[in-house]
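>>> What would the 3D arrangement of this be:
(chains A and B)
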Amino acid sequence: MFIFLGRTIKFAFQGFTRNIWLSVVTVVILVLTLFSVTIAAGINIIAEKAIESVEQKVDVSVYFEPDISEQEVLNVRYRLEELSQVESVGYISKEEALQRFIDRHQDDPGIIESIEEVGNPLGATLVVKAKSIDDYPTVLSMLESDSYADLIQGKSYDDNQQVINRLSDISSKVQRIGLIVSAVFIIIAILIIFNTIRINIYTHREEIGIMKLVGASNWFVRAPFLVESMLYAVLAVVIAIAVLYPLLGVIAPQVDSFFAGYNFDLVSYIHGYLIEIIAWQLGFAIVLSFISSSFAIGRYLRV
Amino acid sequence: MIRFKNVSKVYGHDTNALKNVNLHIKPGEFVSIVGQSGTGKTTLIKLIIAEERPSSGHVIIGDWDITNIKPHEIPILRRQIGVIFQDFKLLPRKTVFENAAFGLEVAGVHSKRIHEIVPQVLKIVGLEKKMNRFPRQLSGGEQQRTVIARALVHRPKILVADEPTGNLDSINSQDIISLLKKINEFGTTVLLVTHNRDIVNALRKRVVTIDHGSIVSDQATGRYIL
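Residues are numbered from 1 along each chain as shown, chains lettered A, B, ... in the order given. Take a look at the predicted model:
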């Protein structure tokens, strides 16, 4: 088994080096394919993260009338929490609301004085976060019902819907372009690998004939060509990572400045998934090479 | 050792390469197959090494009916049959040693064992001092000896030589035939396909003559009659 494996790898390396320029072109095309697929996937991830970050900032603040008791506010909170669309409901009591107001205006003695004169004019507040951006209309319609109209002084819904729509729009366009570019490169890569293996079979036809004549098993004849195509895949992944990784250092500051104030750091995100990214690239390149070389071997290598 | 029972081979619809051939070659025999070009000699060899299947009849090697041999069994058959061709079929980028070792290499024989067997075989064919040369550095006769060495490394029971002297001058041809006789004396069945009248007549061994796909003569100590 080890002898078989060792000799297969040896023959594969011979095939690779004897047609070195053909091998180089094949690897370059595979690298370009990996670039396009990785960049398309990367943009997709960044766009998803961007939408997620913006969505996280959306909430509805419900301001209650000052004379509404804490119990009544907590009842509303309880009802809201029972809704399946609601993620969480934060409660800011009258006193807390006043304290925050004073803190915000402590440089304005006029306001502080008037507060001291009239007492606490503020009501309690509930801060509602829905599970998804699409759930807010349900929450808002519930709060607008008659049973709550008398309790609620006002609502503030910081509507980021437009930003989200624009982001989704851009991301789906980029995704579509990425998909088309990747598909083109995948097709080119399949054709190039297919052709490289076909030419290799042709240049080795004499050797293949002799191998068969002296009793090489069918697998021993085929395996070196498969291993050779795997070699292209591994080399392409190494080169792609070697180029893309330093590139990350260049684009990370731009992406991070875009996400300033949001909880997203591109470099640490990539670092967290580095092994998975390499594994995906390797798996993708190997599957691509395997499929196209299998076609070429099946078509041109009669054993 | 080799038995053809009513074997016919038809290419396309109407090209009869072999017609109802019955042939029995016993172990240890030295048989010359003679006939003009295109009479079916090479087809006979292709049937023995399972490169072709008969259209009808049976081909039996030893106790093995290879008429309907499965693809994965072909390598096992070929390791038992050494084949030599007129055009040598050597790998130009491999040395004499590497060419001879190739058969063992592809069969998965351990390197240590290869280094034991190959020098012995190269000694038999008289190339022990040229094992590091490349085919282009050898004469035609030496190239054919390398091919014989490659055919012998598996210690085959049958050695099939298809026009082995076709590209050689008379002195080198005689050398190769002497070597085949020596191999035959060791017990290997030798099947020599040729249309070299002098060689066949000098051998004084069994001669099977094929004409238009049929055996027209089979003599125990024969001569070239066409």
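>>> What does A:E81 show for phi and psi?
Note on A:E81: backbone dihedrals following degrees, to the nearest 10 are phi -60, psi -20.
>>> One more: B:V153?
According to degrees, to the nearest 10, B:V153 has phi -60, psi -30.
>>> was I right about it contacting B:A101?
Yes. Assessed by Cβ atoms under 8 Å, B:V153 is found in contact with B:A101 at 7.1 Å. Any C-beta I mention is one placed from the backbone N, CA and C, and that applies to glycine too.
>>> bridging residues for B:V7?
B:V21 (DSSP bridges).
>>> Now do the nearest residue to B:H110 once chain neighbours are set aside, the pLDDT please.
Leaving aside its sequence neighbours, B:H110 sits nearest to A:I3 (Cβ to Cβ, 6 or more residues apart in numbering or on different chains; 6.2 Å). Looking at A:I3, its pLDDT reads 82.
>>> A:I3 should be in a helix, yeah?
Yes. With DSSP: H, G, I helix; E, B strand; the rest coil as the criterion, A:I3 is part of a helix.
>>> That one - how many residues pack around it?
A:I3 has 13 neighbours, counted by other Cβ atoms under 10 Å in any protein chain shown.
>>> so who does it touch?
Counting by Cβ atoms under 8 Å, 6 or more residues apart in numbering or on different chains, A:I3 touches B:G108, B:V109, B:H110, B:S111.
>>> The stretch 101-250 of chain A against chain B: which residues are in contact?
Contact residues (Cβ under 8 Å from any Cβ of the partner chain) of the stretch 101-250 of chain A with chain B: A:206-207, A:209-218, A:220.
>>> Considering the contacts of A:I3, which possesses the most neighbours?
B:V109 (18 neighbours).
>>> I'd assumed that residue was in a helix, is it?
No. Counting by three-state DSSP, B:V109 falls outside a helix, being coil.
>>> Can you give me the distance of it to chain A?
B:V109 is 8 Å from chain A, where distance means Cβ to the nearest Cβ, to the nearest Å.
>>> same thing with B:G141?
B:G141 is 20 Å from chain A, by Cβ to the nearest Cβ.
>>> Distance check, the residue positioned nearest the centre of chain A against A:I278.
Computing the C-alpha centroid of chain A and ranking residues by Cα atoms, centre = their mean puts A:I45 first, at 2.2 Å. To A:I278, A:I45 is 15 Å away according to Cβ to Cβ, to the nearest Å.
>>> got it, and A:F64?
Taken as Cβ to Cβ, the span from A:F64 to A:I278 is 54 Å.
>>> A:A296 now?
27 Å.
>>> ok but B:N68 is inside a strand, no?
No. B:N68 sits outside any strand when classified using three-state DSSP, being coil.
>>> Quick check: the gap between the spatially closest residue to it that is not a sequence neighbour and chain A.
Leaving aside its sequence neighbours, B:N68 sits nearest to B:R53 (Cβ to Cβ, 6+ apart; 7.2 Å). Going from B:R53 to chain A by Cβ to the nearest Cβ gives 14 Å.
>>> tell me the pLDDT at A:L167?
69.
>>> can you list contacts of stretch B:194-208?
Applying Cβ under 8 Å, 6+ apart, the contact partners of stretch B:194-208 are B:23, B:29-37, B:161, B:163-166, B:170, B:173-174, B:177, B:181, B:192, B:215, B:217-225.
>>> so who does the closest residue to chain B within the stretch 51-200 of chain A touch?
Minimum separation of the stretch 51-200 of chain A from chain B (Cβ to the nearest Cβ) falls at A:N200, amounting to 14.9 Å. Neighbouring residues of A:N200 by Cβ under 8 Å, 6+ apart: A:G15, A:N19, A:L22, A:F225, A:E228.
>>> cutoff 10 Å now
Contact partners of A:N200, counting by Cβ atoms under 10 Å, 6 or more residues apart in numbering or on different chains, are A:12, A:15-16, A:18-19, A:22-23, A:26, A:224-225, A:228-229, A:293, A:296-297, A:300-301.
>>> near chain A, which residues of chain B show up?
Taking Cβ under 10 Å from any Cβ of the partner chain as the test, the list of chain B residues beside chain A reads B:49, B:51, B:71-72, B:74-83, B:85, B:89-94, B:99, B:102-111, B:147, B:150-151, B:153-154, B:156.
>>> do that again at 6 Å, thanks
Proximity of chain B to chain A, by Cβ under 6 Å from any Cβ of the partner chain, involves residues B:P75, B:R78, B:R79, B:V83, B:K89, B:L91, B:G103, B:V106, B:A107, B:G108.
>>> how many neighbours does A:Y148 have?
14.
>>> Centre of the chain to stretch B:57-76, how far?
17 Å (Cα atoms, centre = their mean, to the nearest Å).
>>> Stretch A:218-238 now?
For stretch A:218-238, the distance to the chain centre is 31 Å (Cα atoms, centre = their mean).
>>> cool, and stretch A:117-124?
That offset, for stretch A:117-124, works out to 47 Å (Cα atoms, centre = their mean).
>>> Buried ones in that stretch, by neighbour count?
A:L122, A:G123, A:A124 (16 or more other Cβ atoms under 10 Å in any protein chain shown).
>>> Please parse chain B into its domains.
Domain assignment of chain B by automatic domain parsing yields the ranges B:24-53+B:66-80+B:157-226, B:87-155.
>>> what about the strands in chain B?
Using DSSP state E, the strands of chain B run over B:2-11, B:15-25, B:30-34, B:56-61, B:64-65, B:81-85, B:158-162, B:189-194, B:206-211, B:214-219.
>>> Would you convert those strands into TSV that also reports mean neighbour count and mean pLDDT?
Formatted as TSV, those follow (neighbours: other Cβ atoms under 10 Å in any protein chain shown; pLDDT from 0 to 100):
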stretch	mean neighbour count	mean pLDDT
strand B:2-11	18	94
strand B:15-25	17	92
strand B:30-34	24	94
strand B:56-61	18	95
strand B:64-65	13	92
strand B:81-85	25	91
strand B:158-162	23	94
strand B:189-194	24	94
strand B:206-211	21	93
strand B:214-219	15	92
